[in-house]
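**Student:** I'll drop the sequence and a predicted model, then ask my questions.
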Amino acid sequence: MQAPTRSRVKNQQNCAASDTITITAILDLPINFLSDTAYICRYQTTTLRAIGNNAAYLWNNGATTPAITVYQAGFYSLTVSNTDGCGATDTIRVQELTCIEGIFIPSAFTPNRDGLNDTFKPIVYDDIESYEFMIFSRWGELIFSSKTPGVGWDGTVKGKPMPAGNFVWKLVYIEVGGEEVRKGGNGVLVR
């Protein structure tokens with residue numbers, strides 16, 4: 001505890017007054033609660049998370065949670081208040097990385113439910129505006145179709161496992177701001 005501090009003031013009419021204040025503690029401001037930099041790919045998201053525990057959070061986008069998901073590069077700021085009521089603001093720079101772009105289609109898959117390579121689907125590294133992925137049997141029968149990137153075929157036809165062998169796939173998509181692209185090929189189901 002520090003000794004009392006006495007202040008004396010005068011107004012324009014030369015009247016004087018004084019008061020005393022005792023500072024009982026010097027409270028710390030929150031500091032370093034955001035990393036300096038985070039990274040993001042153009043077609044992905046990243047999560048920004050406050051370091052440590054604070055009583056209140058306010059991001060520059062209006063969120064009041066300790067973490068936010070961001071969709072583009074830029075500067076993001078966070079104002080926090082600790083349990084003592086002290087507040088501070090920190091800023092993080094989200095930099096865009098040069099990442100893999102495009103759509104890649106595997107050549108085979110093993111739907112054995114081991115958690116590895118259990119579905120056949122395109123791997124999408126782009127912003128997609130329109131998408132349709134189709135699987136056909138060797139005889140041209142449509143056995144699977146999806147309009148949602150990331151949803152793949154599990155190797156079944158009408159609820160029953162399809163035997164090992166070849167199949168045909170077709171993909172039609174439009175990247176954001178692009179032209180329609182049509183691709184097709186063969187795949188192998190391995191059991």
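**Tutor:** Nice, I can see it. These numbers come from a predicted model, not from an experiment.
**Student:** where in this structure is pLDDT low?
**Tutor:** For the chain, the stretches with pLDDT under 70 are 1-6.
**Student:** according to the record, where do the domains of it fall?
**Tutor:** Domains of the chain are assigned by automatic domain parsing as 37-97, 102-189.
**Student:** among those, which comes closest to Asp19?
**Tutor:** When those are compared by CB to CB, domain 37-97 sits nearest Asp19, at 22.9 Å. Just so you know, the C-beta spots here come from the backbone N, C-alpha and C atoms, and that holds for glycine as well.
**Student:** mind checking the end-to-end distance for that closest one?
**Tutor:** 12 Å (CA to CA, to the nearest Å).
**Student:** now render the domains of the chain as CSV, adding distance to Asn11.
**Tutor:** Shown next, in CSV, are these (distance: least, CB to CB, whole Å):
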stretch, distance to Asn11
domain 37-97, 32
domain 102-189, 65
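**Student:** among the ones you listed, which comes closest to Ala25?
**Tutor:** domain 37-97 (8.8 Å).
**Student:** from the chain's centre, how far out does that closest one sit?
**Tutor:** The gap between the average C-alpha position of domain 37-97 and the chain average comes to 12 Å, counting by CA atoms, centre = their mean, to the nearest Å.
**Student:** for stretch 168-187, same thing?
**Tutor:** On CA atoms, centre = their mean, the centre of stretch 168-187 falls 26 Å from the chain's centre.
**Student:** endpoints of that stretch, how far apart?
**Tutor:** 6 Å.
**Student:** mind listing what's buried in it?
**Tutor:** Val168, Trp169, Leu171, Tyr173, Glu175, Gly187 (16 or more other CB atoms under 10 Å).
**Student:** swap in stretch 29-39?
**Tutor:** So for stretch 29-39, counting by 16+ other CB under 10 Å, buried means Pro30, Phe33, Leu34, Ala38.
**Student:** how distant is it from the center of its chain?
**Tutor:** 17 Å.
**Student:** do the same with stretch 160-180
**Tutor:** 26 Å.
**Student:** what about that stretch, start to end distance?
**Tutor:** Across stretch 160-180, first to last residue, CA to CA, it's 33 Å.
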